[in-house]
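K.L.:
this one's sequence-less:
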Ligand code: FAD
C-alpha cells in the first residue's frame with residue numbers, strides 16, 4: 001500500500017491524524033494550489049505565513065526520517081501524476097467549506113480518499129439533539145457536551161513510528177516570487193510557535209473574562225491563526241487548558257467551542273456559506289460608496305476607521321472590534337453582511353469560512369443564535385467603554401496623539417478641533433439605527 005499524506009491546513013506533526021493513521025509507506029505532500037493562489041493579492045500575508053509553516057513542517061518531518069514533497073500546481077494534476085506513479089490512496093483531514101468539498105470530490109475520482117476530522121474537535125455529524133436534528137443555539141449545544149462537568153475527554157493522536165518514506169524527488173521548493181507573491185512582514189507573535197503562545201496566555205487567562213473586550217489590552221490568546229493553519233490542533237488547545245481545571249480556563253474553552261459551533265452549523269446548513277441561515281428577504285442598501293468608505297476606514301467614525309485601517313495594515317482585528325465594525329456595516333450602513341464577510345475573507349490572517357460566516361450572520365441578526373435585530377452597537381459608546389483613553393485609536397492615527405480622547409467618543413466632535421482634518425461621519429447613528437430596525441421589522445413581517 002502506497003499512501004499519500006496530503007497536508008493542507010494541518011501543518012504539524014503532533015496530534016496528526018495523517019501520521020497516526022497511515023499504514024507504512026508514505027509520501028507526505030503539500031500543494032500550493034494554483035486555483036486558490038490565483039485569487040489572492042501578491043501581498044497576501046497569509047501566503048508568507050503558510051510558506052514559512054510548510055518549510056518548518058518539512059524540517060520536522062525530516063527529523064522523523066520522513067520528508068515533504070512540495071508542489072505548485074492544481075491538485076488534480078498532482079494526483080493524476082501520483083496515480084500514474086502507482087499510489088493507492090490519499091489520507092487527508094476533512095474540510096467543510098464549499099471549495100474544499102468540491103476539490104476533494106474531484107480528487108476522489110482520481111484516487112480513493114480517507115478523511116479524518118482533524119481541524120475541529122467534534123464530528124459535526126455525530127452530535128445531534130434528542131430529536132435527531134442539529135442544534136442551532138450555542139448554549140444548549142455547549143451544555144450537551146458536558147464540558148462543564150469535566151466528563152469530556154479528548155484523546156490526541158499518537159505518532160505511528162513504523163512509517164517509512166517512499167523514494168521520491170523531495171527537492172523542489174518553489175520560492176514565493178516564483179509563485180507570484182512578495183514576502184510580507186508578519187506580526188511579531190506569528191514568529192512564535194503555538195505552545196509558546198499558549199504558555200504566554202496561560203499567565204493571563206485569569207483576567208481573560210474581565211479584559212477580553214478592551215481592545216487596547218493584549219488579553220486574548222492570539223491562537224486563531226495557528227489554529228486556522230493547524231500548527232496546533234483544537235484538541236491540543238482544549239487539553240492544555242482543561243488540565244488546569246480552573247473556571248478561568250473554562251471560560252476560554254467555551255470560546256474554542258464557538259469555533260466548533262460555527263463549523264457544525266456550516267456542516268448542517270451548507271447554504272449558510274452564501275445566504276442567510278434564517279430565510280429573510282432583506283432589501284439591503286446597495287450604495288457602493290458607503291461600502292468602500294467602510295473598507296478604507298474613511299467613514300468619519302474614529303473607532304470604525306481605526307479598526308479597518310489596522311485590519312488593512314496588519315491582517316488583524318480584535319474580536320470586539322470585529323463585532324463593532326460588522327454591526328456598523330450591516331445595521332448603520334445597512335450593507336449586506338456578505339460584502340463584509342468577503343472583505344474579511346480577503347484580509348484576515350485567521351480567516352476561517354465557518355467562523356467568519358457564522359460571526360457575520362450573528363452580527364447582522366441573520367444567522368444561528370444571532371444578536372436580536374434591534375441590537376445595534378453604538379460605535380461611540382463602544383469606544384468610550386472599551387478604549388476610554390483612545391489608546392487603540394491613537395495607535396492607528398498617530399496624528400491624533402495630542403487629541404483629548406473624549407472627542408473620539410462623541411459623534412462628529414473631532415471636527416471641533418481646528419488642528420484636525422477628519423471627515424464628518426457618513427451616517428447619523430440614531431437615524432440609521434432606527435432605519436435598520438424598521439427594515440428588519442419589514443422583512444420579518446413579509447415572512
Ligand atoms: P481568543 O479570544 O483568545 O479565543 C480563542 C479562540 O476561540 C480563537 O482563536 C477562536 O478559534 C475561538 N473563538 C473565539 N471567539 C470566537 C467566535 N466568536 N467565533 C468563532 N471562534 C471563536 N475567528 C476566526 O478564527 N476566523 C474568522 O474568520 C473570524 N471572523 C470573525 C468575523 C466577525 C464579524 C466576528 C465578530 C468574529 C470573527 N471571528 C473569527 C471570531 C474571533 O473574532 C476570533 O476568533 C478572535 O478574535 C481571534 O483572536 P484570539 O485567538 O486571540 O481569540
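P.N.:
Looks like it arrived, so ask away. All values reported here derive from a predicted model rather than from experimental measurement. Residues are numbered from 1 along each chain as shown.
K.L.:
Buried residues in the lengthiest helix in the chain, which are they?
P.N.:
Counting by DSSP state H, the longest helix found in the chain is helix 247-268. Buried residues in helix 247-268, defined by neighbour count with 16 or more other CB atoms under 10 Å: 248-253, 256-268. Heads up, the C-betas are built off the backbone N, CA and C, glycines and all.
K.L.:
and the ligand, which of these contact it?
P.N.:
256, 258, 259, 262 (CB under 6 Å from any ligand atom).
K.L.:
Please produce a markdown table containing the residues you listed, extended by pLDDT.
P.N.:
What follows is those, written out as a markdown table (pLDDT from 0 to 100):
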| residue | pLDDT |
| --- | --- |
| 256 | 96 |
| 258 | 97 |
| 259 | 97 |
| 262 | 96 |
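K.L.:
hmm, back to that, next, the buried residues of the helix or strand just after the longest helix of the chain.
P.N.:
Scanning forward in sequence from helix 247-268 by DSSP states H and E, the next helix or strand is helix 288-296. Residues 290, 291, 293, 294, 295 are the ones in helix 288-296 that count as buried (16+ other CB under 10 Å).
K.L.:
nearest to the ligand, of the residues you listed?
P.N.:
residue 294 (12.7 Å; CB to the nearest ligand atom).
K.L.:
Contact partners for that closest one?
P.N.:
304, 308, 325, 328, 329, 333, 335, 340 (CB atoms under 8 Å, 6 or more residues apart in numbering).
K.L.:
Now list the buried members of those residues.
P.N.:
Applying 16+ other CB under 10 Å to those flags 304, 308, 325, 328, 329, 333, 335, 340 as buried.
K.L.:
how near is the fourth one to the ligand?
P.N.:
Which is residue 328. To the ligand, residue 328 is 11 Å away according to CB to the nearest ligand atom, to the nearest Å.
K.L.:
same check, this time on the last one
P.N.:
Distance, residue 340 to the ligand, using CB to the nearest ligand atom: 7 Å.
K.L.:
Excluding chain neighbours, give the residue nearest to that residue in space.
P.N.:
residue 329 (4.7 Å; CB to CB, 6 or more residues apart in numbering).
K.L.:
Same check on the fourth one?
P.N.:
Beyond its immediate neighbours in the sequence, the residue positioned closest to residue 328 (CB to CB, 6+ apart) is residue 304, lying 5.2 Å away.
K.L.:
ok, and does the helix or strand containing that neighbour reach over to the ligand?
P.N.:
Following DSSP H and E, one finds residue 304 within helix 302-314. No. On the criterion CB under 6 Å from any ligand atom, helix 302-314 is out of touch with the ligand, staying 10.7 Å away.
K.L.:
what residues does that helix touch?
P.N.:
With CB under 8 Å, 6+ apart as the test, helix 302-314 has contacts from 187, 294-299, 316-318, 321-322, 324-325, 328, 344, 347-349, 379-380, 382-383, 387, 390, 392-393, 395-397, 400, 408, 414, 422.
K.L.:
Could you pull out the buried residues of whichever helix or strand comes after that helix?
P.N.:
With elements assigned by DSSP H and E, the helix or strand that comes after helix 302-314 is helix 319-327. Buried positions in helix 319-327, judged by neighbour count with 16+ other CB under 10 Å: 320, 321, 322, 323, 324, 325, 326, 327.
K.L.:
what's the longest strand that the chain contains packed up against?
P.N.:
For the chain, the strand that runs over the most residues, judged by DSSP state E, is strand 25-33. Secondary-structure packing of strand 25-33 (3 or more CB pairs under 8 Å, 6 or more residues apart in numbering; DSSP states H and E): strand 2-7, helix 45-63, strand 69-73, helix 75-84, strand 164-165.
K.L.:
Apply 6 Å and report the result again.
P.N.:
strand 2-7, strand 69-73, helix 75-84 (3 or more CB pairs under 6 Å, 6 or more residues apart in numbering; DSSP states H and E).
K.L.:
nearest residue to residue 173 other than its sequence neighbours?
P.N.:
Counting by CB to CB, 6+ apart, the residue nearest residue 173 is residue 70, at 5.6 Å.
K.L.:
Test my guess that that neighbour contacts residue 32.
P.N.:
No. With contact defined as CB atoms under 6 Å, residue 70 does not count as touching residue 32 (7.2 Å).
K.L.:
Look up how far residue 90 lies from residue 272.
P.N.:
28 Å (CB to CB, to the nearest Å).
K.L.:
If you count surrounding residues, which of these two has more?
P.N.:
Comparing residue 272 with residue 90 by other CB atoms under 10 Å, the one with more neighbours is residue 90, at 25 against 20.
K.L.:
which residues touch that one?
P.N.:
Residues near residue 90 by CB atoms under 6 Å, 6 or more residues apart in numbering: 4, 6, 111, 113.
K.L.:
The stretch 201-350 of the chain against the ligand: which residues are in contact?
P.N.:
Residues of the stretch 201-350 of the chain lying near the ligand (CB under 6 Å from any ligand atom): 212, 220-224, 227-228, 255-256, 258-259, 262, 319, 322-323, 326, 344, 348, 350.
K.L.:
Tabulate the buried ones among the contacts of residue 294 (a markdown table), appending pLDDT and distance to residue 282.
P.N.:
Below are the buried ones among the contacts of residue 294 laid out as a markdown table (pLDDT from 0 to 100; distance: CB to CB, whole Å):
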| residue | pLDDT | distance to residue 282 |
| --- | --- | --- |
| 304 | 98 | 21 |
| 308 | 98 | 23 |
| 325 | 98 | 19 |
| 328 | 98 | 16 |
| 329 | 98 | 13 |
| 333 | 98 | 13 |
| 335 | 98 | 11 |
| 340 | 98 | 14 |
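K.L.:
Go through those residues and say which is closest to residue 204.
P.N.:
Distance to residue 204, by CB to CB, is smallest for residue 325 among the buried ones among the contacts of residue 294, at 24.8 Å.
K.L.:
ok, the closest residue to the closest one other than its chain neighbours - how many residues close by?
P.N.:
Nearest non-adjacent residue to residue 325, counting by CB to CB, 6+ apart: residue 307, 5.1 Å away. Residues within reach of residue 307, counting by other CB under 10 Å, total 26.
K.L.:
And residue 88, by the same measure?
P.N.:
Residue 88 - counted by other CB under 10 Å - has 14 other residues nearby.
K.L.:
Now do the same contact list for it.
P.N.:
Taking CB under 6 Å, 6+ apart as the test, what residue 88 contacts is 1, 2.
K.L.:
again, only this time at 8 Å
P.N.:
1, 2, 3, 111, 112.
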